[in-house]
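*Asks:* What follows is a predicted protein model with its sequence.
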Amino acid sequence: MEKAMFYILSGMILVFSLLTVTSRRILRAAVYLLFVLLGSAGLFFMLNFNFLAAVQLTVYAGGIIVLIIFSIMLTSHVNEKLEAAGAKKSVFSFLAVAAGAAVTLYAILNYSFPSVSDRVNDSSMKTIGTMLLSYKDDGYVLPFEVISILLLAAMVGAIIIAKREHKL
Amino acid sequence: MNFNIYDFTDFVTSVSNWLNEILSPELAVITGMAIIGIIFLLFIALLGLSLVYIERKVCAFFQQRLGPMRVGFWGTAQTIADIIKLIFKEPLVTKNADKFLFNLAAFIVMIAPLLAIAAVPFAKGLHVLDFDIGIFYVTAVSSIGVTGILLAGWSSNNKYSLIGAMRSGAQIVSYELSVGLSLLTIIILTGSLQLSEIVNSQSDGWWIFKGNIPAVIAFIIFIIASTAESNRGPFDLAEAESEITAGFHTEYSGIKFAFFFLSEYVNLFIIAAIGTTVFFGGWMPLHLGNLTFFNNIMDFIPPLIWFFMKVAALLFLIMWFKWTFPRLRIDQMLTLEWKYLLPLNLMNLMLMSIVSLNGWHF
């Protein structure tokens, strides 16, 4: 059962990733990307990482994809099709992809994948909550605060860009 | 099989044991999923039919009309006639539309409420998904729905659809924040995101009573923001008939149009169900202090009836202000969210933390 679900989900991820990069219509590519992200959220649910799966859904499927679709809607028309890439471009992108795949495969095949079943794998909401705000050795309050400052800076930046009255 | 109307835990376990007895483990799981799926599909179909009828009646009474009266007793069969008409109508596609996305959009808007409804606790033990992230799961999956609306608007190749989709995108993305934060205010008190635990924490009183003033403020914000999130009046700018014909679903006809309609009503039900679970104790009966006699009478009413009565009350409230208030302008709507609701919400969150820390709630 678990195996079947894994193959269905990973098959979905693979097929839609391929479609994302080969589609000639930009909005369709964005929709295929949505399915890739949904598939990976499904994998997280299978691993019982419910929190991570829900974050994947809200941030990527509900946030990033909506932003991408929004920007496509503002800039391109429904009948627009991207041109097929020229020979030179194809060769170079093939080389880049092949190099990337080689590095990834090399890393995966040389990793021994030690079993983690003996380690306590607590991913419940309560543990995540307390760890996120804990200042002890294995707490994450410092990265949490640093990220919130980054977010604040990004928001201030966005407001400045949106405000056109003052010339920068 | 021991069927108990007050506690479904035994019933559900005995059904699953029985399935495991007669089938192999894998097949039992698949059969179980299929049964649950069919029950939910039937439930959603019934929900859509009855809510459309109720909405039309409520609207009519607010406007001093009678509403549908001809088909069946007091027009009760009107929506069945409507759905038969919609099924036999030709599903049109505009000539230069992106046909694949045009058809897909109708399904994506349906997926989100289908995923979310699985987490609703109907009664004790009658609960399909009980994750420890409960509420967060519901908000996460319902954020997928907006993609369907945006796709529908863009792929129709129609300027009204596009404007409608842009409006609804801006609206849903901003009001999601207020919905999440207002629910978070109550989460401070419950200490858990799990829906069954949220319900259990209200066995001695509902949070809207126990949680003091901040809980009431949170509820008001929740009901406003979730109405806006589901594109309903007075926030139905995405389908403002007087300006942009029907917004993002202008080009849809027949059964595909029915999908958009159905998803709106299922979303409405989910909002009411989540509001009920978080603020009004879910399926928990109303208990008043030490009045044992009164409490026993309340306990006698089955939890399923409690749940659906509370949901119906919230649904009526939402319909009430749809047919009472005039539609807002887009700038007014975004001002309401970003300048009033969001700061109020953050302040309310602080207030609730103070109340909770000092133990000022009941």
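*Replies:* Yep, that arrived.

*Asks:* so where is the chain shaky, pLDDT-wise?
*Replies:* All of this refers to chain A. Using pLDDT under 70 as the threshold, the predicted model of chain A has low-confidence ranges A:78-79, A:116-122, A:165-168.

*Asks:* meant chain B actually
*Replies:* In chain B (pLDDT under 70), the answer is B:1-3, B:240-241, B:289.

*Asks:* quick one: secondary structure of the residue of chain A found nearest chain B?
*Replies:* Of all residues in chain A, A:Gly62 sits closest to chain B, at 2.8 Å by C-beta to the nearest C-beta. In this view, the C-beta of every residue, glycine as well, is placed from N, C-alpha and C. Here A:Gly62 takes the helix state, with states given by DSSP: H, G, I helix; E, B strand; the rest coil.

*Asks:* what's the nearest residue to the closest residue to chain A within the stretch 51-200 of chain B if we skip its chain neighbours?
*Replies:* As assessed by C-beta to the nearest C-beta, chain A sits closest to B:Ser143 within the stretch 51-200 of chain B, at 2.8 Å. Of all residues beyond its chain neighbours, the one nearest B:Ser143 is A:Gly62 (2.8 Å), with distances taken as C-beta to C-beta, 6 or more residues apart in numbering or on different chains.

*Asks:* Can you give me the separation between that neighbour and B:Ser168?
*Replies:* 14 Å (C-beta to C-beta, to the nearest Å).

*Asks:* Just give me the residues shared between the contact sets of those two.
*Replies:* Where contact means C-beta atoms under 8 Å, 6 or more residues apart in numbering or on different chains, the residues bridging A:Gly62 and B:Ser168 through contact with each are B:Val146.

*Asks:* What residues does chain A have near chain B?
*Replies:* Contacts of chain A with chain B, taken as C-beta under 8 Å from any C-beta of the partner chain, map to A:1, A:25, A:27-28, A:31, A:34, A:38, A:50-51, A:54-55, A:57-58, A:61-63, A:65-66, A:69-70, A:72-74, A:78-79, A:124-126.

*Asks:* mind giving me the domain ranges of chain B?
*Replies:* Domains of chain B are assigned by automatic domain parsing as B:1-88, B:89-358.

*Asks:* Could you point out which of those sits nearest A:Met12?
*Replies:* Nearest to A:Met12, of all the domains of chain B, is domain B:89-358, at 14.0 Å by C-beta to C-beta.

*Asks:* Look at that closest one and report the distance between its end residues.
*Replies:* In terms of C-alpha to C-alpha, to the nearest Å, the two terminal residues of domain B:89-358 are separated by 61 Å.

*Asks:* From B:Met333, how far out is the residue lying closest to B:Glu337 once chain neighbours are set aside?
*Replies:* Among residues not flanking B:Glu337 along the chain, B:Ser174 sits closest, at 4.7 Å (C-beta to C-beta, 6+ apart). Per C-beta to C-beta, B:Ser174 is found 9 Å from B:Met333.

*Asks:* Select the longest helix from the chain.
*Replies:* You didn't pick a chain, so chain A it is. Taking residue count as the measure and DSSP state H as the definition, the longest helix of chain A comes out as helix A:87-110.

*Asks:* wrong one, I was asking about chain B
*Replies:* Per DSSP H, chain B has its longest helix at helix B:25-62.

*Asks:* That one and chain A, are they touching?
*Replies:* Yes. In terms of C-beta under 8 Å from any C-beta, part of helix B:25-62 sits within range of chain A, namely B:Pro25, B:Glu26, B:Val29.

*Asks:* ok, then the element right after that helix?
*Replies:* Scanning forward in sequence from helix B:25-62 by DSSP states H and E, the next helix or strand is helix B:78-88.

*Asks:* Who are the packing partners of that next one?
*Replies:* Contacts of helix B:78-88 with other secondary structure elements, assessed using 3 or more C-beta pairs under 8 Å, 6 or more residues apart in numbering or on different chains; DSSP states H and E, are made with helix B:25-62, helix B:254-279.

*Asks:* Looking at the ones you listed, which one is packed in the most?
*Replies:* Comparing the helices and strands packed on helix B:78-88 on average neighbours per residue, with mean count of other C-beta atoms under 10 Å in any protein chain shown, the densest one is helix B:254-279 at a mean of 23.

*Asks:* That one vs helix B:25-62, what angle?
*Replies:* Our comparison of helix B:254-279 with helix B:25-62, counting by axes from the mean of the first three to the mean of the last three C-alpha atoms, to 10 degrees, yields an angle of 90 degrees.

*Asks:* For the helix or strand that helix B:254-279 is followed by, give me every contacting residue.
*Replies:* Later in the chain than helix B:254-279, the nearest helix or strand by DSSP H and E is helix B:292-300. Contacts made with helix B:292-300 from outside it, assessed by C-beta under 8 Å, 6+ apart, are listed as B:Pro285, B:Leu286, B:His287, B:Leu288.

*Asks:* and stretch B:277-297, which residues are buried?
*Replies:* Along stretch B:277-297, the positions that meet the burial threshold by neighbour count (16 or more other C-beta atoms under 10 Å in any protein chain shown) are B:Thr277, B:Val278, B:Phe279, B:Phe280, B:Gly281, B:Gly282, B:Trp283, B:Met284, B:Pro285, B:Leu286, B:His287.

*Asks:* So what touches the helix or strand encompassing A:Ala54?
*Replies:* Taking DSSP H and E as the criterion, A:Ala54 maps to helix A:50-55. Contacts made with helix A:50-55 from outside it, assessed by C-beta under 8 Å, 6+ apart, are listed as A:41-42, A:44-45, A:123, A:125, A:128, B:131-133, B:136-137, B:140.

*Asks:* of those residues, buried ones?
*Replies:* When neighbours are counted using 16+ other C-beta under 10 Å, these contain these buried positions: A:Ala41, A:Gly42, A:Phe44, A:Phe45, A:Met125, A:Ile128, B:Phe131, B:Asp132, B:Ile133, B:Phe136, B:Tyr137, B:Ala140.

*Asks:* number of nearby residues for the residue lying closest to the second one once chain neighbours are set aside?
*Replies:* The reference is to A:Gly42. Taking C-beta to C-beta, 6+ apart, and ignoring the residues beside it in sequence, A:Gly42 has A:Leu9 as its nearest neighbour in space, at 4.7 Å. For A:Leu9, the number of neighbouring residues by other C-beta atoms under 10 Å in any protein chain shown comes to 18.

*Asks:* any idea how far A:Leu37 is from A:Leu9?
*Replies:* Counting by C-beta to C-beta, the gap between A:Leu9 and A:Leu37 amounts to 12 Å.

*Asks:* B:Glu243 now?
*Replies:* Plainly put, B:Glu243 is 34 Å away from A:Leu37 if you go by C-beta to C-beta.

*Asks:* quick one, which of those two is more surrounded?
*Replies:* In this comparison of B:Glu243 against A:Leu37, neighbours counted by other C-beta under 10 Å, the higher total goes to A:Leu37 at 21 against 15.

*Asks:* and the more buried one, helix, strand or coil?
*Replies:* Local secondary structure at A:Leu37 is given as helix here, using three-state DSSP.

*Asks:* right, and it touches A:Val59 too?
*Replies:* No. Using C-beta atoms under 8 Å, A:Leu37 and A:Val59 do not qualify as a contacting pair, with a distance of 9.4 Å.

*Asks:* if I pick the nearest residue to B:Gln78 once chain neighbours are set aside, what's in contact with it?
*Replies:* Counting by C-beta to C-beta, 6+ apart, B:Gln78 lies nearest to B:Pro68, which is 3.9 Å off, once chain neighbours are set aside. Taking C-beta under 8 Å, 6+ apart as the criterion, B:Pro68 is in contact with B:Tyr53, B:Arg56, B:Lys57, B:Ala60, B:Gly75, B:Gln78.
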